[in-house]
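Asks: Predicted structure and sequence below. I'll ask about it afterward.
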Amino acid sequence: MSSDENNLGTCPVDRGLMRVGDRWSMLVLRDIERGLTRYEQLRTSLGIAPNILSRRLSALADAGLIEKRRYSQRPPRDEYLLTEGGRDFLPILMAIGAWGRKYNGAGALSRHLDAATGEVVRPVVVDANTGAPIGSRPLHLEIPG
């Protein structure tokens with residue numbers, strides 16, 4: 001284990017938030033998943049200052065959640081695509097969205113529909129071993145060391 005890993009602590013929530021722990025980073029990932037892969041598309045959609053967007057894109061690339069791919073040489077232009085790590089974060093975004101809809105859901109809200117059935121997607125986080133929804137059963141935290 002490197003000294004950097006030793007300094008991160010044992011909490012996987014903390015380690016995850018170190019990569020995507022702010023609103024802008026999560027919204028950038030959301031928009032890239034929606035197909036807004038170019039800098040100007042992201043800036044316009046989010047209404048974000050260019051310096052903040054540039055920092056978030058660099059941090060997400062450094063964290064391995066997105067990759068930058070050149071789509072034009074003249075002028076040089078890049079697009080941003082989700083990596084496997086970024087795609088693995090999408091269920092978390094969906095769960096945050098479901099929580100936001102339930103507890104902050106006044107007014108018109110966007111929603112995800114299943115492309116095959118047309119049904120509204122209702123994300124639930126479950127324990128893969130038991131199938132029980134997380135939060136429905138007592139859990140015990142094991143701390144190494």
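Replies: Right, received. Where do you want to start?
Asks: next one: phi and psi at Arg111?
Replies: Backbone torsions for Arg111, taken as degrees, to the nearest 10, come to phi -150, psi 160.
Asks: Can you tell me the closest non-neighbouring residue to it?
Replies: Once flanking residues are discounted, Arg111 sits nearest to Val120: 5.5 Å by Cβ to Cβ, 6 or more residues apart in numbering. Bear in mind the C-beta positions are built from the backbone N, C-alpha and C, glycine included.
Asks: With Asp22 instead?
Replies: Excluding the flanking residues, the one nearest Asp22 by Cβ to Cβ, 6+ apart is Arg56, at 7.8 Å.
Asks: And for Ala98?
Replies: Nearest residue to Ala98 in three dimensions, chain neighbours excluded: Pro123, at 4.9 Å (Cβ to Cβ, 6+ apart).
Asks: ok, the one you found to Arg30 distance?
Replies: As judged by Cβ to Cβ, to the nearest Å, Pro123 and Arg30 stand 14 Å apart.
Asks: higher neighbour count, those two?
Replies: Set Pro123 next to Arg30 and count neighbours by other Cβ atoms under 10 Å: Arg30 wins out with 18 against 15.
Asks: contacting residues for Asn78?
Replies: Rather than Asn, residue 78 is Asp. Applying Cβ atoms under 8 Å, 6 or more residues apart in numbering, we find Asp78 in contact with Arg38, Tyr39, Lys68, Arg69, Arg70, Tyr71.
Asks: Which ones among the residues you listed lie within strands?
Replies: When DSSP state E defines the strands, the subset of those inside them is Lys68, Arg69, Arg70, Tyr71.
Asks: contacting residues for the second one?
Replies: Okay, so that is Arg69. With contact set as Cβ under 8 Å, 6+ apart, Arg69 has these partners: Asp78, Glu79, Tyr80, Leu81.
Asks: element containing Arg87?
Replies: Using DSSP states H and E, the element containing Arg87 is helix 84-103.
Asks: Any idea what the residue nearest to Arg111 is bridged to?
Replies: As for beta bridges, Val120 partners with Leu113 under DSSP bridges.
Asks: Look at it and say how many residues are nearby.
Replies: 10.
Asks: Skip the chain neighbours and tell me the closest residue to Ser25.
Replies: Arg56 (5.1 Å).
Asks: ugh, wrong one, Leu27
Replies: Using Cβ to Cβ, 6+ apart and skipping residues adjacent in sequence, the residue nearest Leu27 is Leu46, 5.7 Å away.
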